[in-house]
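>>> Just a sequence and a predicted model for now, questions to come.
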Amino acid sequence: MAQQFSASNLPGQQGQQPVQNRPLVASYKTYAEAQRAVDFLSDSKFQVENVGIVGSDLKMAETVLGRLTWGRAIAGGVGAGAWFGVFVGLLLSLFAKSGTSSFELLLFGLAYGAIFGGVFGAVGYALSGGRRDFTSRSQIVATTYDVVCSWPKLEEAKGVLARLEA
């Protein structure tokens, strides 16, 4: 019978409370600071399997990168299609007969991928009906990042991190 894992019985986690319920060691404004603290714990030979990072007050942040035009939509499709075409050409070159050169297959894949990608980019932009004429990047961010630790190792973790902040 296959063993099933849940948050409370992951390998190496038997008997530990879920990470979000562990006591606080330190709070940081950025994930990079929290990651640096855990890395310092690791460098100090602390048993980091007792530690976790919990982000609180999550928000979705979207950075608008620019206006989406016909040209950008088609160019994006051409670029994505060209990469996919090169990938298909590479796969075909692995199984091609000896009469066809790998370079030719890569070149044909690039060309056909770029053409079809441009067409799909244009069709996708046309189907959007102007409802989203911008490009953006989304990410989930937290207001604070808490480094937490299991109860038995809490004081030791605080002592080690005190050296980092000193």
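Nice, I can see it.

>>> which SS state does the residue nearest in space to the middle of the chain fall under?
The residue lying closest to the centre of the chain (CA atoms, centre = their mean) is Gln139, at 9.6 Å. At Gln139 the chain is in strand, as set by DSSP: H, G, I helix; E, B strand; the rest coil.

>>> Bridged to it, which residues?
Counting by DSSP bridges, Gln139 is bridged to Ala61.

>>> surely it meets Leu58?
No - using CB atoms under 8 Å, Gln139 is not in contact with Leu58, being 10.5 Å away. (C-beta placed from N, C-alpha, C; glycine too.)

>>> Tell me which stretches of the chain form strands.
With DSSP state E as the criterion, the chain has strands at 24-28, 51-67, 134-149.

>>> in its sheet, what does the shortest one sit against?
Looking at strand 24-28 with DSSP bridges, its partner strands are strand 134-149 (antiparallel).

>>> any idea of the mean pLDDT in the strand it pairs with?
For strand 134-149, the mean per-residue pLDDT is 95.

>>> Identify all contacting residues around it.
19-20, 22-31, 33-34, 37-38, 50-68, 72, 157, 161 (CB atoms under 8 Å, 6 or more residues apart in numbering).

>>> mind redoing it with 7 Å?
19, 22-31, 34, 37-38, 50-68, 157 (CB atoms under 7 Å, 6 or more residues apart in numbering).

>>> now stretch 67-77
Here stretch 67-77 makes contact (CB under 7 Å, 6+ apart) with Gly117, Gly118, Phe120, Gly121, Ala122, Gly124, Tyr125, Asp133, Phe134, Thr135.
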